[in-house]
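[1] kindly return the folded structure for what I paste below:
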Amino acid sequence: MKYLRLALAWVLVLCGSAAAQAPDVNKILADIRAKDKGQLAVSEEDGRFLRLMIASSGRKRALEIGGASGYSAIWMGQGLRATGGKLVSIEYDPVRAKELADNIRKAGLSDVVQVVAGDAFVEIPKLQGTFDFVFLDAWKRDYKKFFELMYPRLDKGGLFTAHNVVNKRSEMGDFLDAIQRNPALWTTIVSPSGEGISLSYKR
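    Numbers count the residues shown, from 1 in each chain. Prediction:
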């Protein structure tokens, strides 16, 4: 009994230590939004939606085009933590890419999220394999080009999602036309926060 009590005591100590060291993800997310002067981060509602979509559909290999400072990557990373998946997040701006990597580290998601700094049109062809989830939140007028680049790399049953398809619809008419007319896609648009996310399922 003595040894059992000692073992239980050590378990409690270790659990308490782990809890004390666990990152406060909610605080990290709040800090990113507070510093987001350029309004580059998705809304909290959209972040929660992305996490739910990934976790509930069991996504394993995800790509984010336009990572900004890491707000959406942290939400998606939490979903992928639950599925055992991985995310590659690409950010063009070197300052934001550093912030992205720092925030991913602070959130304890460095083993889930790989940060790539650079031009996504250059970096995507270097990536290996295919993807079952893509989140696009980059330069709006390039959406169709990114879709055309990624469509062959999207698994059957994969989801191609894009942000700001409601509030910036006028900047991406060609993209919206492409995803809605593609006979191999089922596409719908949801709007958790008013910004809009398109969801295209590859049949």
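
[2] can you mark which positions in the strand ranked longest in the chain are buried?
    In the chain, assigned by DSSP state E, the strand with the most residues is strand 154-163. Residues Leu154, Gly158, Leu159, Phe160, Thr161, Ala162, His163 are the ones in strand 154-163 that count as buried (16 or more other Cβ atoms under 10 Å). No exception for glycine: its C-beta is placed from N, CA and C like everyone else's.

[3] how about the second one, what does it touch?
    Residues in contact with Gly158 (Cβ atoms under 8 Å, 6 or more residues apart in numbering) are Thr130, Phe131, Asp132, Phe133, Val134, Tyr201, Lys202.

[4] in this structure, what helix or strand scores lowest on average pLDDT?
    Least confident helix or strand of the chain, by mean pLDDT, DSSP states H and E, is helix 2-21 with a mean of 47.

[5] what's near enough to touch Leu100?
    Per Cβ under 8 Å, 6+ apart, neighbours of Leu100: Gly67, Ala68, Ser69, Gly70, Ala73, Ser89, Glu91, Val115.

[6] was I right about the fifth one contacting Ile104?
    The reference is to Ala73. Yes: counting by Cβ atoms under 8 Å, Ala73 does reach Ile104; the two are 6.3 Å apart.

[7] okay, those two: which has more neighbours?
    Ala73 (31 against 25; other Cβ atoms under 10 Å).

[8] which residue ranges form the strands in the chain?
    Going by DSSP E, the chain shows strands at 61-65, 86-91, 113-117, 131-136, 154-163, 185-190, 197-202.

[9] just give me how far the last one sits from the chain centre.
    Counting by Cα atoms, centre = their mean, to the nearest Å, strand 197-202 is centred 14 Å from the centre of its parent chain.

[10] mind checking how far Ser43 is from Arg61?
    Distance of Ser43 to Arg61, given as Cβ to Cβ, to the nearest Å: 25 Å.

[11] ditto for Val42
    To Arg61, Val42 is 21 Å away according to Cβ to Cβ.

[12] so for those two, which residue has more residues nearby?
    The residue with more neighbours, out of Val42 and Arg61 and counting by other Cβ under 10 Å, is Val42; that gives 24 against 19.

[13] surely the more buried one is in contact with Tyr71?
    Yes: contact criterion Cβ under 8 Å: Val42 and Tyr71 qualify, at 6.3 Å.

[14] got the contact list for stretch 126-140?
    42, 50, 53-54, 59-66, 68, 72, 76, 88, 92, 120, 143, 146-147, 150, 153-155, 157-164, 168, 171-172.
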